[in-house]
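Engineer: Here is my input; please provide its structure:
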Amino acid sequence: MSRQPSKTANIREIARRAGVSIASVSRALNGKPGISEALRERILTISRDVEYRPSAAARQLISGKAAVVGISLGRRDFELRPYYILLYQHLTVALHRQGMVPIFFAHDRTATLPEQAGAAILLGEFADDPRPALMRSHRVPFVRIGLAGEGFSVAPEDRHGIYLATRHLVEKGRRHIAFVGDELTSPHSQHRLGGYRQALDEAGFEAELIDIPPNLDPALTGYRWLSRRLEREPRAYDGLVCETDELARGCLTALEDHGLSVPGEVAVTGFDDLPTLAEGLTTVRQDIAGIAAMSVELLGEAQASKPPRHVSMPVELVVRETS
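Structural biologist: All right, here's what the predicted structure looks like:
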């Protein structure tokens, strides 16, 4: 009885049946020179017989770095941050659907990315970011997830989201609304900070900033910095607009420890709508899965040498118990 074709057959199975090396199968499947036309046709016939469908891993095996997408973190972004973990998970799914293989590069390893990947997705923004120039110098197509700039990029409507959160607190009767964020003088913070200032300017209120240094644990650091403020001025604020859900969580704990009720005495908002962290929290929801899918779509355009463009992804205010 003859063996039935296997739909899960892999490149090694094709090589075994053809009696050739994996390299020869790669040349046949990719239309590359180095084998006879008769051998190429035999390999292609076998691949059709076994109903071969290359997985992402197989794409990397037969195509080398052309199928590999390097995902690079910015200098100030940390690998264990919940937002980046979730974004990376969605990027992995979106890339696998296109038959591409993601490889993660910590910031200090980005210089090796062009040697190992045929395209790149750059996460995070910071002043004098050398990564775009590095990618261009090696002719590596890339997309940035962050603020608009040269080349292809995608980002949530940060400014509008923080504007919505701040205006919401104003409409709730709050008058002393502080913005809680990290490195507020740096370029990466100006977009969200601009939305906060716009809403306060429209209301005729003064801006009050709680500037937190970059750190590995935003919730803990936010807790410590707000606690210091509250020790000096327990009733300084009746509203807090936080740059992230993580910072909002730290602020909620600080308020609780100082005996301030939420939202009775102080209302709090976050940004991201992250699972678990945003439970019960009024926050700005961004479509992280949509951002990942759009970045992969833009990466395809970059690889096809299409004109670069920036895509702003919509956000929405989600009102919960903290306001």
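Engineer: Am I right that P102 sits in a strand?
Structural biologist: Yes - checked against DSSP: H, G, I helix; E, B strand; the rest coil, P102 lies within a strand.
Engineer: isn't it right next to V93, touching?
Structural biologist: No - using CB atoms under 8 Å as the test, P102 is too far from V93 to be in contact (9.6 Å). All C-beta atoms are positioned from the backbone trio N, CA, C, and that covers glycine.
Engineer: In terms of neighbours, single out the busier of those two.
Structural biologist: The neighbour comparison of P102 against V93 (other CB atoms under 10 Å) goes to P102, with 19 against 14.
Engineer: Tally up the residues packed near E41, please.
Structural biologist: For E41, using other CB under 10 Å, the count is 11.
Engineer: what helix or strand is it on?
Structural biologist: Taking DSSP states H and E as the criterion, E41 maps to helix 37-49.
Engineer: So for that helix, mean pLDDT?
Structural biologist: The average pLDDT within helix 37-49 is 82.
Engineer: Then stretch 229-246?
Structural biologist: Here the average pLDDT along stretch 229-246 is 95.
Engineer: buried ones in that stretch?
Structural biologist: Going by neighbour count (16 or more other CB atoms under 10 Å), the buried part of stretch 229-246 is R229, L230, Y237, D238, G239, L240, V241, C242, E243, T244, D245, E246.
Engineer: Repeat that for stretch 110-121.
Structural biologist: For stretch 110-121, burial by neighbour count (16+ other CB under 10 Å) applies to T110, L113, P114, A117, G118, A119, A120, I121.
Engineer: The third one: what secondary structure?
Structural biologist: Per three-state DSSP, the secondary structure class of P114 is helix.
Engineer: can you check the first one too?
Structural biologist: Assigned state for T110: helix (three-state reduction, three-state DSSP).
Engineer: Distance of R139 relative to V101?
Structural biologist: Taking CB to CB, to the nearest Å as the measure, R139 falls 19 Å from V101.
Engineer: my bad, should have said G146
Structural biologist: G146 is 23 Å from V101, where distance means CB to CB.
Engineer: Check L123 too.
Structural biologist: With distances taken as CB to CB, L123 is found 17 Å from V101.
Engineer: go on, P275?
Structural biologist: Taking CB to CB, one finds P275 at 26 Å from V101.
Engineer: With A236 instead?
Structural biologist: The gap separating A236 from V101 is 51 Å, by CB to CB.
Engineer: rewinding a little: quick check, nearest of the buried residues of stretch 229-246 to I162?
Structural biologist: Closest approach between those and I162, by CB to CB: V241, at 6.4 Å.
Engineer: Which one of R139 and V101 is surrounded by more residues?
Structural biologist: V101 (21 against 8).
Engineer: is it true that the more buried one touches A66?
Structural biologist: No - with contact defined as CB under 8 Å, V101 does not count as touching A66 (10.1 Å).
Engineer: Can you identify each of the strands in this structure by residue range?
Structural biologist: Using DSSP state E, the strands of the chain run over residues 68-72, 101-105, 119-123, 142-145, 152-156, 177-182, 208-212, 239-242, 267-269, 283-286, 310-313, 315-318.
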